[in-house]
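# Would you be able to build a 3D model of this:
(2 chains)
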Amino acid sequence: MSETGCRHYQSYVKEHSYDTFRVIDAYFAACVNRDARERKAIHCNCFECGSYGIQLYACLHCIYFGCRGAHITSHLRSKKHNVALELSHGTLYCYACRDFIYDARSREYALINRKLEAKDLQKSIGWVPWVPTTKETNLLLANARRRLVRPNQTIGLRGLLNLGATCFMNCIVQALVHTPLLSDYFMSDRHDCGSKSSHKCLVCEVSRLFQEFYSGSRSPLSLHRLLHLIWNHAKHLAGYEQQDAHEFFIATLDVLHRHCVKAKAEHESKSNSSGSGSGTNSSNSSSSHCYGQCNCIIDQIFTGMLQSDVVCQACNGVSTTYDPFWDISLDLGETTTHGGVTPKTLIDCLERYTRAEHLGSAAKIKCSTCKSYQESTKQFSLRTLPSVVSFHLKRFEHSALIDRKISSFIQFPVEFDMTPFMSEKKNAYGDFRFSLYAVVNHVGTIDTGHYTAYVRHQKDTWVKCDDHVITMASLKQVLDSEGYLLFYHKNVLEYE
Amino acid sequence: MSTSGAVDQYTVLTGDRSKIKDLLCSRLTECGWRDEVRLMCRNILMEKGTNNSFTVEQLIAEVTPKARTLVPDAVKKELLMKIRTILTEIEEEPDEPEDES
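As a prediction, the model looks like this:
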């Protein structure tokens, strides 16, 4: 069903075209640029009472603004005008129908204006409810069976067989499968594999895994295919030894990212091959190994930007560099300065991480401002945050003298506002609130041990994944656990 | 001009108005207010919408007072703080940046 407004609006459009609507919407509802905002600020007030009003309407037949209620309706009645535009949301109103009306083409124009506004103000476009397309409606009609997910249901939970010291993989897979954005991506079947040999594609394998997790079956899964693919693509993890879960996590992201880049490049070269110049793409894809450049799903979810400011102690000149990151590794040992304090909480660790660090007289850096080698301080801050922030608590300490595991308790919160660690704190509209959704734990010593994971199954429902055994867990258990990798998900997502 | 008029004009001009509105909309969606009000409208329509004379104005008149009381205090407080921050920033830098050509 397409929306065509009402017959009054149709006859209005026939007579006046869409032009008036487009201009009024662009200038007074969406305010697409500075000129529009200036005009709105100066001219857009009620012709009756002069108020800037909570809700103003603009007549689409003549030049008239009026407050909601008596002011606009008396104008429409006396002038026999029908159509007005409500300016705070940009909804059309028909006086003859006494109702708001919805017209598909007007909405398209309005959406263009909203995008222009968002671009001009460098903000994300406002939330709009999902409206299914005709194709989606037909799909829903053709597949009438629905599955209702209730709070106490186990769908989405599968145990994972241990294939011989593969708990490092199992716990990471559990954390990834329970990443809301990642499951949204794979459950909506968004991966379009360009490669002909999809059995070699890790992204296809992960896509298949999601189907397995949500198939409703309760028997444990075997991840031998995934393991084999990782062995092929990340040689340093091949073999039957115990591996580090953090290393596996980063390697998995890297392999997934590389597959996405490759699939995209193949896709493009396929569509370009009919035209001219298909050779340029392959050279691009091989050079884009460094992450943070492409727009694949892994980058969209996991890549953030770290800012590092080096301040010259002689001239106070600041040189700033940006580096992409997938996770934040935090030191747990005693600090060398400030009298050897050991961090007790995640916040402590982050404060330490983002503190200005004196680089010392042995490490003089050439200052780009005063062109001389000077002592300097270095400070990290977070330029942009990914939708999923993962923290790696460096519990395994490797030094020349001793290898040891630090088992000290580090308190971590469920809800976490990262604003204090951002580079730009004054950004009044940034929302950096995150929620914990997965915790990977290590029990044992540095040489031998076992990994388990706590994951948030549904809101306020936590489960413990210990290879093939899945048990219910309380939030307290999660928060009392030691914590090796902590996964936080952004609460409010911005749209582009 | 009245103070509120000047504030209105200034926030429209800087684009803060639109950003505050977005923030409010997303907070109201997050806290479930939107769904609650939606449900309230549906219930009223099921009850009274059977006769065709029930208009959107009547619906608005009936829902508005109830919907206002449902807005969580935390949301109001956050918005107030944000508006205050924006207005103090104006006080600190009264000169408009005019260097844009």
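
# count of neighbours near the residue in chain A positioned nearest to chain B?
Chain A approaches chain B most closely through residue A:52 (3.8 Å), counting by Cβ to the nearest Cβ. (C-beta placed from N, C-alpha, C; glycine too.) Counted with other Cβ atoms under 10 Å in any protein chain shown, residues neighbouring residue A:52 total 22.

# Please settle this for me: is it part of a strand?
No: checked against DSSP: H, G, I helix; E, B strand; the rest coil, residue A:52 lies outside a strand; its state is coil.

# tell me which element the nearest residue to it once chain neighbours are set aside is part of?
Spatial nearest neighbour of residue A:52, excluding adjacent residues (Cβ to Cβ, 6 or more residues apart in numbering or on different chains): residue B:8 at 3.8 Å. Secondary structure assigned from DSSP states H and E places residue B:8 in helix B:3-14.

# Show which residues not belonging to that helix make contact with it.
With Cβ atoms under 8 Å, 6 or more residues apart in numbering or on different chains as the test, helix B:3-14 has contacts from A:31, A:37-38, A:40-42, A:44-45, A:50-52, B:1, B:16-17, B:20, B:86-87, B:90.

# how near is the nearest residue to residue A:466 once chain neighbours are set aside to residue A:475?
Closest residue in space to residue A:466, ignoring its immediate chain neighbours: residue A:452 at 4.6 Å, by Cβ to Cβ, 6+ apart. According to Cβ to Cβ, to the nearest Å, residue A:452 stands 16 Å off from residue A:475.

# wait, does the top helix by length along chain B contact chain A?
Using DSSP state H, we find that the single longest helix of chain B is helix B:73-92. Yes: judged by Cβ under 8 Å from any Cβ of the partner chain, helix B:73-92 comes into contact with chain A through B:82, B:85, B:86.

# Can you flag the buried ones in those?
Neighbour-count burial (16 or more other Cβ atoms under 10 Å in any protein chain shown) applied to the residues of helix B:73-92 next to chain A gives B:82, B:86.

# now chain B, which segments are flagged as low pLDDT?
Applying pLDDT under 70 to chain B flags residues B:1, B:93-101.

# Just want the residue of it that's nearest chain A.
Nearest residue of chain B to chain A: residue B:8, at 3.8 Å (Cβ to the nearest Cβ).

# and that residue, how many neighbours?
19.

# pretty sure residue A:309 is touching residue A:379, no?
Yes: contact criterion Cβ atoms under 8 Å: residue A:309 and residue A:379 qualify, at 5.0 Å.

# Please pull out the lowest mean pLDDT helix or strand from chain A.
helix A:279-287 (a mean of 37; mean pLDDT, DSSP states H and E).

# what's downstream of that one, the next helix or strand?
Following helix A:279-287 toward the C-terminus (DSSP H and E): helix A:297-302.

# Show me what that following helix packs onto, helices and strands only.
If you count contacts as 3 or more Cβ pairs under 8 Å, 6 or more residues apart in numbering or on different chains; DSSP states H and E, helix A:297-302 packs onto helix A:180-187, helix A:245-272, strand A:388-393.

# need the least confident one among those, by mean pLDDT.
Across the helices and strands packed on helix A:297-302, helix A:245-272 has the smallest mean pLDDT, namely a mean of 81.

# Now do that one: which elements does it pack against?
Helices and strands touching helix A:245-272, by 3+ Cβ pairs under 8 Å, 6+ apart, are helix A:167-177, helix A:202-213, helix A:224-233, helix A:279-287, helix A:297-302, strand A:485-490.

# Give the buried residues for that helix.
Neighbour counts over helix A:245-272 (16+ other Cβ under 10 Å) mark A:245-246, A:248-266, A:268-269 as buried.

# follow-up on the earlier one: identify the contacts common to residue A:309 and residue A:379.
Shared contacts of residue A:309 and residue A:379, defined by Cβ under 8 Å, 6+ apart, are absent.

# Not counting its own residues, what contacts stretch B:53-68?
By Cβ under 8 Å, 6+ apart, stretch B:53-68 touches A:98, A:99, A:100, B:33, B:37, B:40, B:41, B:44, B:45, B:48.
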